[in-house]
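> here's my sequence, what's the structure:
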Amino acid sequence: MAINQFADISKDLFNQIKYIESTVRDDLFKEAAKLLSAAEETCGNLESAMIPDNQVQTKIVNNRRLEIHWLHDEIQQGLTKKTAKPVKRRKAK
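This is a model prediction of the structure:
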């Protein structure tokens, strides 16, 4: 039971992370930030579904946490990035 539960949560978290990555690529940083909190919660659920001392599951959780950390950094950079306004050029007469 626990292995199936872990696999289901892991797949769900993987899909969440991929979707967040796509929102970051589309510069939808506010939406990505909201989705990231749900992914962090899912990662906590994944960690609680782990079988103790299972090295494979530990590695999976650590990798997902690392991906979430990277996404968090990308989102923060995107939210604080100042967008340059295009320069209005005069038309030649």
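> tell me the mean pLDDT over stretch 33-50?
On average, the pLDDT along stretch 33-50 is 92.
> so, low pLDDT: which residues of this structure?
For the chain, applying pLDDT under 70 flags the ranges 1-3, 82-90, 92-93.
> quick one: the helices in it?
Ranges of helices in the chain, per DSSP state H, are 2-25, 29-48, 55-80.
> possible to save the ones you listed as CSV with distance to K91 and mean neighbour count?
C-beta coordinates here come from the backbone N, C-alpha and C atoms, glycine included. Shown next, in CSV, are those (distance: least, Cβ to Cβ, whole Å; neighbours: other Cβ atoms under 10 Å):
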stretch, distance to K91, mean neighbour count
helix 2-25, 35, 16
helix 29-48, 35, 17
helix 55-80, 34, 15
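> ok, the nearest residue to I60 once chain neighbours are set aside - contacts?
The shortest distance from I60 to any residue other than its chain neighbours is 5.9 Å, reached at S10 (Cβ to Cβ, 6 or more residues apart in numbering). Contact analysis of S10 by Cβ atoms under 8 Å, 6 or more residues apart in numbering lists 46, 60, 64.
> what does N4 give?
Per Cβ under 8 Å, 6+ apart, neighbours of N4: none.
> and the gap between it and L46?
Noted for N4: a distance of 13 Å to L46, by Cβ to Cβ, to the nearest Å.
> try I75
20 Å.
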